[in-house]
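Student: coordinates for the following, if possible.
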Amino acid sequence: QVQLVESGGGLVQPGGSLRLTCAASGFTFSFYAMSWYRQAPGKERELVADISSGGGSTNYADSVKGRFTISRDNAKNTVYLQMNSLKPEDAAVYYCKAPKVRRIGGMDLWGEGTLVTVSS
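Tutor: As a prediction, this is how the structure comes out:
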């Protein structure tokens, strides 16, 4: 089954940390760059970070630079998002995405998302 499954979300206080995990299956994970997106209530989904297929290149939204780190383990078919110094405005559903996955006809593959709540 071709899928992405996110986990690791939860409730955290401002200034706290969370590590999100996205487990991939059913396709050759190491061939694909991966991305994390987020969507807050009433807002459009936005790109948070992405990482090249080999992990050597990363990019971040300005709003998370210096606080979030994207990484991957191709042996485990997993991509991570380490989130530090969380702010209330980071609260959102976080999704991982694999672009144009050949096994599903070249469509983007999205996970179901994991909810991050930042509140005291």
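Student: tell me how far the most centrally placed residue in the chain lies from Val2.
Tutor: Centroid-nearest residue in the chain: Trp36, 2.8 Å away (criterion: C-alpha atoms, centre = their mean). From Trp36 across to Val2, the span is 19 Å (C-beta to C-beta, to the nearest Å). For every residue, glycine as well, the C-beta is placed using N, CA and C.
Student: before we move on, what about Gln82?
Tutor: 26 Å.
Student: so which bits of the host helix or strand of the residue nearest to the centre of the chain are buried?
Tutor: Assigning secondary structure by DSSP states H and E places Trp36 in strand 34-39. Neighbour-count burial for strand 34-39, with 16 or more other C-beta atoms under 10 Å as criterion, is recorded at 34-38.
Student: just the mean pLDDT for the helix or strand that it is followed by, thanks.
Tutor: Downstream of strand 34-39, the next assigned helix or strand under DSSP H and E is strand 46-51. The pLDDT scores in strand 46-51 average 98.
Student: also stretch 16-31?
Tutor: Mean predicted confidence for stretch 16-31 is 97.
Student: could you number the chain from 13 rather than 1 from now on?
Tutor: With 13 as the first residue, the last one maps to stretch 28-43.
Student: list the contacts of it.
Tutor: 13-22, 24, 46, 48, 65-66, 86, 88-98, 106, 108, 110, 113-116, 121, 123, 126, 128, 130 (C-beta atoms under 8 Å, 6 or more residues apart in numbering).
Student: give me the subset of the residues you listed lying in strands.
Tutor: In this view, these that belong to strands under DSSP state E are 15-19, 22, 24, 46, 48, 90-95, 106, 108, 110, 113, 121, 126, 128, 130.
Student: of those, buried ones?
Tutor: Buried among these by 16+ other C-beta under 10 Å: 16, 18, 24, 46, 48, 90-93, 95, 106, 108, 110, 113, 121, 126, 128, 130.
Student: what comes up buried for stretch 37-47?
Tutor: 39, 41, 44-47.
Student: pick the one among these closest to Gly78.
Tutor: Distance to Gly78, by C-beta to C-beta, is smallest for Ser47 among these, at 18.7 Å.
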